[in-house]
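Trainee: pasting a predicted model and its sequence here:
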Amino acid sequence: MLPTITAFRNSPDRGRGLARDLRVRWALEEVGQPYRVQLLDFAELKAPTHRAIQPFGQIPTYEDGELALFESGAIVLHLAERHGVLLPQDPGARIRAIGWMFAALNTVEPSVFELSLASILDRGKPWLADRMAALEAQARRRLGDLAWRLGDAPWLDGGFSAGDLLMVTVLARAEAHGLLEGFPNLVAYLQRGRARPAWQRAYQAQHEAFLRTRVE
Ligand SMILES: N[C@@H](CCC(=O)N[C@@H](CSCc1ccc([N+](=O)[O-])cc1)C(=O)NCC(=O)O)C(=O)O
C-alpha cells in the first residue's frame, strides 16, 4: 500500500506551487517514494474525519499504514529519517540541517506568510498600506540576513538537505510577493532548488491536480 498525502482540490493558489503539499511531494520525489494523493475541498478539510488527523483542518497530511502525520515539516523530517536521504549522516551536520528546517518554518516563513495573510485579512482597511510596508520591511530584514548567510554557497550548509527543501518553498512565497528583489543570490538559490528533477516532478504533479480540478 502506497503512502497517501492530502492536497487541495481546486487549489486557491491557482496552481502556482504555493500550497504546502508541494514540499511533501518534493521530499517524496527526492527519496524516491511513490505516493497517492487524496484531494480535498474546503468542506472536506473541515470534516471530523480529516480533523482526526489534522486538528486544524488543513492540508497536507501523510498516512502510511498505521502512521498518520500532519505538519509539512514533520512529514519531510519523517521521510528524510526513514529513507536516509536529505539529512547528513554526521550527527553535527544532521542537527544543523534540522536547525535550518526550523529556521525556514519558524524564522523566515512567518514573516512572509504574515504578509500573505494581511493582504487578505486587511484588504480594504485604511491601515493596510502602512501594515504591508511594516510587514514587508520585517520580511526583507529576515531575507537580508538569510542572503548574507548563504552568500555564494549552493546550499545552506554543505550538500542539499531537508533544510534547503523547506527554505526553497518559503522563498517561492517570498518571490510571489516581490520580496526577493535585491537579493540575487536568493533568486539563484530558489532557481537551483527548482532545477532539481524531484522538484520538477513534484510541481508538475501538483499543477496537474489543479488543472484537473479547477473551477473557474
Ligand atoms: N503548519 C502547517 C500549515 C498547513 C497549511 O497552512 N495548510 C493550508 C494550505 S497551504 C497554505 C496556503 C494556502 C493558500 C495559498 N494560496 O496561494 O492561496 C497558498 C498556501 C490549508 O490547509 N489552509 C486551509 C485552512 O487553513 O483552512 C503545515 O506546514 O503543514
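Mentor: Okay, I see it. Residues are numbered from 1 along each chain as shown.
Trainee: tell me which helix or strand in this protein has the weakest average pLDDT.
Mentor: Sorting the helices and strands of the chain by mean pLDDT, DSSP states H and E puts helix 109-121 at the bottom, at a mean of 92.
Trainee: any buried residues in stretch 36-49, and which?
Mentor: Buried residues in stretch 36-49, counting neighbours by 16 or more other C-beta atoms under 10 Å, are found at 37, 39-40, 45. Where you see a C-beta, it was placed from the backbone N, CA and C, and this is true even at glycine.
Trainee: interface residues of this protein facing the ligand?
Mentor: Neighbours of the ligand within the chain, by C-beta under 6 Å from any ligand atom: 12-13, 18-20, 45, 57-60, 71-73.
Trainee: could I get these as a markdown table with secondary structure and pLDDT?
Mentor: Listed next are these as a markdown table, based on DSSP: H, G, I helix; E, B strand; the rest coil; pLDDT from 0 to 100:
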| residue | secondary structure | pLDDT |
| --- | --- | --- |
| 12 | coil | 92 |
| 13 | coil | 91 |
| 18 | coil | 95 |
| 19 | coil | 97 |
| 20 | coil | 98 |
| 45 | helix | 97 |
| 57 | coil | 98 |
| 58 | coil | 98 |
| 59 | coil | 98 |
| 60 | coil | 98 |
| 71 | coil | 98 |
| 72 | helix | 98 |
| 73 | helix | 98 |
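Trainee: assign residue 158 to helix, strand or coil.
Mentor: Under the three-state scheme (DSSP: H, G, I helix; E, B strand; the rest coil), residue 158 adopts coil.
Trainee: which non-adjacent residue is nearest it?
Mentor: Nearest residue to residue 158, sequence neighbours excluded (C-beta to C-beta, 6 or more residues apart in numbering): residue 93, at 6.1 Å.
Trainee: are we agreed that that neighbour is in a strand?
Mentor: No - Residue 93 is assigned helix when assessed by three-state DSSP, not a strand.
Trainee: tally of neighbours for it?
Mentor: Using other C-beta atoms under 10 Å, residue 93 has 15 neighbouring residues.
Trainee: ok, now residue 13?
Mentor: Residue 13: 15 neighbours (other C-beta under 10 Å).
Trainee: show me what contacts it?
Mentor: 19, 210 (C-beta atoms under 8 Å, 6 or more residues apart in numbering).
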